[in-house]
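**Student:** Let's see this in three dimensions:
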Amino acid sequence: MTVAEILARARGKGLRIATAESCTGGMIAARLTDIAGSSDVFDRGFVTYSNAAKQDMLGVRPATLEAHGAVSQEVATEMATGALRNSLANIAVSVTGIAGPGGSEHKPEGRVCFGLAQKGAETLVETIDFGPLGRDGVRQVSVEHALDLLARALD
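**Tutor:** Predicted coordinates:
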């Protein structure tokens, strides 16, 4: 499904979208707003690159960050639900990951956690290890995957 189709599907269902992004730095919001007329569907995007921003803007709990780290399903869940809570959206997608270069044995480059929150539904969360595709590569595949999550939720 193209970005235009995602927006049209959301529009047809009367839904508004929010994004909560860390490693993609606003790239998902940019893709959604590249389409003219998206303002009736896209409510807002949160770029929460730092842990402080995740806490301040989305209400991610310090205890969650401490226990699991920023790149975790737990944080992705709190980011997505925080985006819903702090917006006019009905559906929100979140992404937090290690675009690289670098990473660690436990959290390698290319590991990205996604959350998808919808009003009145359980938050979907998943982790994908894209591998060491390089910073740009990890960010691009993360954007595509987040858009795919939105598409599947709107199908």
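
**Student:** which stretches of the chain form helices?
**Tutor:** Taking DSSP state H, the helices of the chain run over residues 3-12, 27-33, 51-58, 62-68, 73-85, 135-154.

**Student:** tell me the centre residue of the protein?
**Tutor:** For the chain, the residue nearest the mean C-alpha position is residue 94 (2.0 Å; CA atoms, centre = their mean).

**Student:** Name the residues linked to that one by a beta bridge.
**Tutor:** The residues paired with residue 94 through beta bridges, assigned by DSSP bridges, are residue 20, residue 115.

**Student:** mind checking how far the residue located most distally from the centre of the chain is from residue 111?
**Tutor:** With distances taken from the mean C-alpha point of the chain and given as CA atoms, centre = their mean, the most distant residue is residue 105, at 23.8 Å. Summarising the geometry, the distance separating residue 105 from residue 111, computed by CB to CB, to the nearest Å, is 11 Å. Every C-beta, even on glycine, is put in place using the N, C-alpha and C of the backbone.

**Student:** Could you do residue 44 as well?
**Tutor:** Where residue 111 is concerned, residue 44 sits at a distance of 26 Å (CB to CB).

**Student:** ok, now residue 6?
**Tutor:** Distance check for residue 6 against residue 111: by CB to CB, it reads 25 Å.

**Student:** Now do the contacts for residue 46.
**Tutor:** With contacts defined as CB atoms under 8 Å, 6 or more residues apart in numbering, residue 46 is in contact with 18-21, 53, 57-58, 79, 82-83, 86.

**Student:** In those residues, find the pair that's most separated.
**Tutor:** Spanning the widest gap among the contacts of residue 46 are 18 and 53, at 15.0 Å by CB to CB.

**Student:** more neighbours, these two?
**Tutor:** Neighbour count, other CB atoms under 10 Å: between residue 18 and residue 53, residue 18 has more, with 26 against 14.

**Student:** Could you find the closest non-adjacent residue to that one?
**Tutor:** Counting by CB to CB, 6 or more residues apart in numbering, residue 18 lies nearest to residue 89, which is 3.6 Å off, once chain neighbours are set aside.

**Student:** Quick check, pLDDT for the one you found.
**Tutor:** With respect to pLDDT, residue 89 scores 98.
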